[in-house]
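[1] what follows is a predicted protein model with its sequence.
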Amino acid sequence: FVIGDAVPADRWISLENTLAEILNKHRDRGVLGGVSQPSVPGVVVKLAARSAPAMTQVVMELWAAVRQMLWHMPPAMLRKY
C-alpha cells in the first residue's frame, strides 16, 4: 500500500500504470502481480513470485518507481548484513 491525500489523483493513475508496466516486464521470470486503487487515494500492489531473488528485484524496481514519481527521490540504497 502507498496512500496519501496530498498526491493529485492524476499522479496516482500515472503511478498505477507505471507499476503495472514493471510487473508485466517481469511476468516471464515467474513474477505475477497486480496494481489497483484502494478506496482511499493511493495504490495497492499484490505480488507473488517463484523465487525470492525475482521477487526482491521486482520490489526494488517498484519502490524505485514510487520514490521517483511521488517524491522525486533516487532509488533507496538498501544493504543486507
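    Right, received. Where do you want to start?
[2] burial of residue 77, as a residue count?
    5 (other Cβ atoms under 10 Å). Bear in mind the C-beta positions are built from the backbone N, C-alpha and C, glycine included.
[3] that one: which element?
    Taking DSSP states H and E as the definition, one finds residue 77 inside no helix or strand.
[4] with residue 58 instead?
    Residue 58 belongs to helix 52-71, assigned by DSSP H and E.
[5] same thing with residue 43?
    Using DSSP H and E, residue 43 falls in strand 42-49.
[6] tell me what that strand is packed against?
    strand 2-3, helix 9-25, strand 31-36, helix 52-71 (3 or more Cβ pairs under 8 Å, 6 or more residues apart in numbering; DSSP states H and E).
[7] just put the ones you listed in a markdown table and tack on mean neighbour count.
    Listed next are the helices and strands packed on strand 42-49 as a markdown table, based on neighbours: other Cβ atoms under 10 Å:
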| stretch | mean neighbour count |
| --- | --- |
| strand 2-3 | 16 |
| helix 9-25 | 15 |
| strand 31-36 | 16 |
| helix 52-71 | 15 |
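[8] can you tell me which of these comes nearest to residue 46?
    strand 31-36 (5.1 Å; Cβ to Cβ).
[9] now the closest one against helix 9-25, angle please.
    170 degrees (axes from the mean of the first three to the mean of the last three Cα atoms, to 10 degrees).
[10] one step back: okay, the helices and strands packed on strand 42-49 in TSV with mean pLDDT next?
    Below are the helices and strands packed on strand 42-49 laid out as TSV (pLDDT from 0 to 100):
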stretch	mean pLDDT
strand 2-3	94
helix 9-25	96
strand 31-36	96
helix 52-71	94
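[11] figure out which of those is closest to residue 42.
    strand 2-3 (3.2 Å).
[12] paired strands for that closest one, with orientation please.
    strand 42-49 (antiparallel) (DSSP bridges).
[13] what does the strand it pairs with contact?
    Residues outside strand 42-49 that contact it (Cβ atoms under 8 Å, 6 or more residues apart in numbering): 1-4, 7, 12, 15-16, 19, 23, 29-38, 55, 58-59, 62.
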